[in-house]
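Chemist: When you get a sec, could you give me coordinates for this:
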Amino acid sequence: MNNYKLIFTGPSGAGKTTAISVLSDTQVMTTEAKTTQRDPSHKNKKTITVGLDYGIINLKNKEKIHLYGTPGQERFDFMWDIITEGGLGLILLIDNARTDPLEDMRFFLKAFADFIQKTKVVIGITRMDISSTPRIADYHQALRSTGLNLPVFDVDARKKRDVSLLLQALLYSLDPISSEK
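Modeler: Here you go, the predicted model:
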């Protein structure tokens, strides 16, 4: 029986908890705390992840994909290395309605650079319905300037179809031969 570990990361409010919830076959474990006035960027959020989110996708033959979500705030970055230990890949969610989503992407790619060097990453851009800019092409341009060529998708973290697409893209990039079967 194989167990696989995939990591969701990105800034607070990008949809990590929601994405894990729509994929998980089990009740998602979260470590949510109420937002405070110290969290001015979360005026529309009542809670934030302070430890991790955790869910499971049950596969055939009792295999499982374990889904881990990191806290999005840099002050909880001590959890990032702990959560990525043993991970196979990274799904980076970026909230397009934030002040500088391209900088958010660059920040998280740099923060997880050591992990990304050992594995693969796909990027999902959320809330493009709220803010249509930057466009997907702008993300690709920003990635080219860093020397990376990564899959980038417009996703709604509330829709299983969209989040499944990210998961499939990541799994394919990890093992294109097995993904074709």
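Chemist: for Ile130, what are its contacts?
Modeler: Counting by C-beta atoms under 8 Å, 6 or more residues apart in numbering, Ile130 makes contact with Asn96, Ala97. Using the backbone N, CA and C atoms, a C-beta is placed for each residue, glycine as well.
Chemist: all helices for the chain, in order.
Modeler: For the chain, the helices defined by DSSP state H cover 16-23, 78-84, 101-111, 113-118, 136-146, 160-174, 176-179.
Chemist: With mean pLDDT added, can I get these in CSV?
Modeler: Listed next are these as CSV, based on pLDDT from 0 to 100:
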stretch, mean pLDDT
helix 16-23, 95
helix 78-84, 82
helix 101-111, 96
helix 113-118, 93
helix 136-146, 95
helix 160-174, 94
helix 176-179, 54
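Chemist: Just send those helices back as JSON lines, with mean neighbour count too.
Modeler: Converted to JSON lines, the helices of the chain look like this (neighbours: other C-beta atoms under 10 Å):
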{"stretch": "helix 16-23", "mean neighbour count": "24"}
{"stretch": "helix 78-84", "mean neighbour count": "16"}
{"stretch": "helix 101-111", "mean neighbour count": "18"}
{"stretch": "helix 113-118", "mean neighbour count": "12"}
{"stretch": "helix 136-146", "mean neighbour count": "14"}
{"stretch": "helix 160-174", "mean neighbour count": "18"}
{"stretch": "helix 176-179", "mean neighbour count": "10"}
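Chemist: between the ones you listed, which gets nearest to Asp53?
Modeler: helix 16-23 (4.9 Å; C-beta to C-beta).
Chemist: rewinding a little: between the helices of the chain, which one is closest to Leu92.
Modeler: Of all the helices of the chain, helix 101-111 comes closest under C-beta to C-beta, at 5.5 Å.
Chemist: Can you pull out the residues in contact with that closest one?
Modeler: Contacts for helix 101-111 (C-beta under 8 Å, 6+ apart): 9-11, 14, 74, 77, 80, 92, 94-95, 98, 116, 121, 123, 125, 134, 138-139, 142-143, 146, 148.
Chemist: sorry, back to before: same list, the helices of the chain, but as CSV with distance to Lys60 please.
Modeler: Compiled in CSV, those are given as follows (distance: least, C-beta to C-beta, whole Å):
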stretch, distance to Lys60
helix 16-23, 16
helix 78-84, 26
helix 101-111, 32
helix 113-118, 27
helix 136-146, 33
helix 160-174, 14
helix 176-179, 13
